[in-house]
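K.L.:
Sequence unavailable; structure follows:
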């Protein structure tokens with residue numbers, strides 16, 4: 001941690017001491033709330049709202065509100081918030097970022113701050129990283145809110161606008177960062193005020209806050225309209241730039257030393273700066289293939305742009321790295337999470353250039369009608385907070401850009417994970433062979449193995465290496481993201497081998513022997529049931545059976561007694 005972060009986080013222990021005093025108050029209220037009838041507990045929400053309307057602050061109601069949610073969680077889900085989860089929720093309520101270790105139950109923590117802030121009736125937005133988690137959390141955590149008489153809304157990709165308005169009118173609304181952002185843009189393009197779906201930006205809880213507010217902060221959300229460019233032009237340029245020879249980059253010193261120095265090859269590329277340009281030789285070759293005398297004679301600059309995008313598409317953007325091709329469509333892969341970014345397209349004709357390169361249907365180029373970055377969108381909120389496992393390293397950025405301090409929340413129990421030193425290999429192939437050897441040895445003992453990769457291409461290379469060795473495994477990458485939760489949740493089963501891009505693991509517990517919650521969800525799905533269809537007694541029975549199954553699996557992990 002840098003000196004500035006240490007300086008800025010000075011006094012955080014003082015906050016923790018203050019939080020622990022409030023935890024004592026909440027714990028002191030527990031016997032009183034345990035004695036309440038169903039009606040009395042559910043009636044707390046109306047009482048809180050009445051007190052708020054009479055001028056009492058949310059801070060004053062916090063101990064009682066948290067005690068209410070904890071008791072509701074115990075009754076509906078059989079989960080009692082740990083003391084450290086109460087502390088994490090206090091940090092969220094105060095507009096801080098709660099850094100909590102993986103597996104500490106951030107999803108459950110959000111219900112405390114979400115409920116307290118929803119009392120004001122202005123809406124709470126819980127922001128997740130994908131549609132699956134938004135849907136899962138709205139149903140799973142939604143049981144607590146609904147039990148206490150609050151409404152829960154859900155936003156999904158491609159949801160009709162008429163369903164979005166009631167979702168935003170709910171007390172707590174779950175959705176992805178891009179869905180909230182795009183709805184804001186659409187609301188600014190309507191012709192009549194009543195067509196808007198959002199009702200303001202009161203309070204947001206952002207899950208995986210470092211990914212959304214730092215890594216993707218500058219990502220522009222763009223709403224486009226139809227343009228007028230011809231698809232044939234993209235195809236012509238795609239053909240013209242194929243098979244060019246890459247030249248050596250010419251340094252600035254060499255260029256100033258003599259004017260006779262010319263870059264070799266047909267194009268030069270700087271991958272670090274993300275720039276590419278045709279050399280004089282390459283330009284003549286491209287013009288000859290296109291039957292154009294001088295590309296730069298086009299005063300509109302459109303031909304030059306076509307050339308630039310075609311070169312980028314051919315030599316800087318690679319299939320199964322920056323994008324995938326599924327069902328005849330080019331889909332962008334998020335460089336940070338490895339997920340497919342549904343509905344997103346590269347701008348300035350680059351997407352069309354890639355479509356022409358891949359030989360799929362070239363869709364009409366669009367022109368930008370409205371745009372906003374995620375950074376600017378989330379700065380609209382009156383109060384903003386977030387949760388993640390890794391935030392302190394970016395503490396200075398959070399404070400500078402969003403005025404968000406990071407609060408490190410202690411873990412409920414000491415962390416037992418062992419972090420080994422990095423291993424470095426001379427070649428990529430040597431690294432893959434070493435990984436495959438290691439996986440083979442561990443798999444032979446029945447030890448579950450989870451391998452993280454940085455790209456789809458890497459995950460598929462490693463998959464091929466394991467297939468050659470006859471090791472059964474699951475591959476989780478942007479091509480199979482709809483199976484993400486199931487694969488990750490069962491990655492801890494006896495002998496399981498899972499290869500995943502860094503998209504994996506968000507919001508899903510990996511437990512030795514398998515995840516009983518996921519087994520219950522699978523059973524409900526198989527039997528065509530939802531959580532609302534089963535009684536608490538049935539759910540308890542399903543949970544017990546799932547736990548027994550996982551326990552049997554887990555005991556296979558234990559070595560034989562000496």
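P.N.:
Thanks, I have the structure now. On a predicted model such as this, the values are computed, not experimentally measured, just so you know.
K.L.:
What pLDDT does the model give residue 343?
P.N.:
Residue 343 is assigned a predicted lDDT (pLDDT) of 78.
K.L.:
tell me which residues in stretch 399-418 are buried?
P.N.:
Using 16 or more other Cβ atoms under 10 Å as the test for burial, stretch 399-418 gives 399, 402, 404-409. Where C-beta positions appear, they are placed from N, C-alpha and C, glycine not excepted.
K.L.:
quick one: the helices in the stretch 351-500 of the chain?
P.N.:
374-378, 395-397, 428-444, 456-468, 484-489 (DSSP state H, counting those that start in this stretch).
K.L.:
what about residue 272, distance to residue 56?
P.N.:
56 Å (Cβ to Cβ, to the nearest Å).
K.L.:
quick one: which of these two has more around it?
P.N.:
residue 56 (13 against 6; other Cβ atoms under 10 Å).
K.L.:
The more buried one belongs to a helix?
P.N.:
No. Assessed by DSSP: H, G, I helix; E, B strand; the rest coil, residue 56 does not belong to a helix; its assignment is coil.
K.L.:
Retrieve the pLDDT associated with it.
P.N.:
At residue 56, the model reports a pLDDT of 96.
K.L.:
just residue 303 next, same as before
P.N.:
Looking at residue 303, its pLDDT stands at 88.
K.L.:
next one: the one 5 residues further on
P.N.:
We have a pLDDT of 92 for residue 308.
K.L.:
So what's the residue count around the closest residue to it other than its chain neighbours?
P.N.:
If the residues on either side of it in the chain are set aside, residue 308 comes closest to residue 276, at 7.5 Å by Cβ to Cβ, 6 or more residues apart in numbering. Counted with other Cβ under 10 Å, the neighbours of residue 276 add up to 17.
K.L.:
What of residue 377?
P.N.:
20.
K.L.:
List phi and psi for the closest residue to it other than its chain neighbours.
P.N.:
In space, and not counting its chain neighbours, residue 377 is closest to residue 181: 4.6 Å by Cβ to Cβ, 6+ apart. The phi/psi pair for residue 181 (degrees, to the nearest 10) reads phi -70, psi -40.
K.L.:
Contact partners for residue 181?
P.N.:
221, 372, 374, 377 (Cβ atoms under 8 Å, 6 or more residues apart in numbering).
K.L.:
Ok, residue 266 next?
P.N.:
The contact partners of residue 266, by Cβ under 8 Å, 6+ apart, come to 244-247, 278-279, 281-282, 285.
K.L.:
measure it to residue 294 for me?
P.N.:
Applying Cβ to Cβ to residue 266 and residue 294 gives a distance of 17 Å.
K.L.:
now do the same end-to-end measure for stretch 412-427.
P.N.:
This stretch, stretch 412-427, spans 41 Å end to end (Cα to Cα, to the nearest Å).
K.L.:
which ones are touching residue 490?
P.N.:
Listed by Cβ under 8 Å, 6+ apart, the contact set of residue 490 reads 496, 514-515, 518.
K.L.:
Looking at those residues, which is nearest residue 192?
P.N.:
If you rank the contacts of residue 490 by distance to residue 192 using Cβ to Cβ, residue 518 comes first, at 45.1 Å.
K.L.:
what about the closest one, how many neighbours?
P.N.:
Using other Cβ under 10 Å, residue 518 has 20 neighbouring residues.
K.L.:
ok now the strand or helix carrying it, how far from the chain's centre?
P.N.:
Using DSSP states H and E, residue 518 sits within helix 516-526. Distance, stretch centre to chain centre, for helix 516-526: 23 Å (Cα atoms, centre = their mean, to the nearest Å).
K.L.:
tell me which residues of that helix are tucked away?
P.N.:
Within helix 516-526, the residues scored as buried using 16+ other Cβ under 10 Å are 516-521, 524.
K.L.:
Give the other helices and strands that that helix contacts.
P.N.:
If contacts are counted by 3 or more Cβ pairs under 8 Å, 6 or more residues apart in numbering; DSSP states H and E, helix 516-526 sits against helix 484-489, helix 536-555.
K.L.:
Go through the ones you listed and find the least confident stretch.
P.N.:
For these, mean pLDDT drops lowest on helix 484-489, to a mean of 73.
K.L.:
Any chance you could list what contacts the strand or helix carrying residue 289?
P.N.:
Here residue 289, judged by DSSP H and E, is contained in helix 280-290. The contact list for helix 280-290 (Cβ under 8 Å, 6+ apart) reads 236-237, 239-241, 244-245, 247, 262, 265-267, 278, 293-295, 307.
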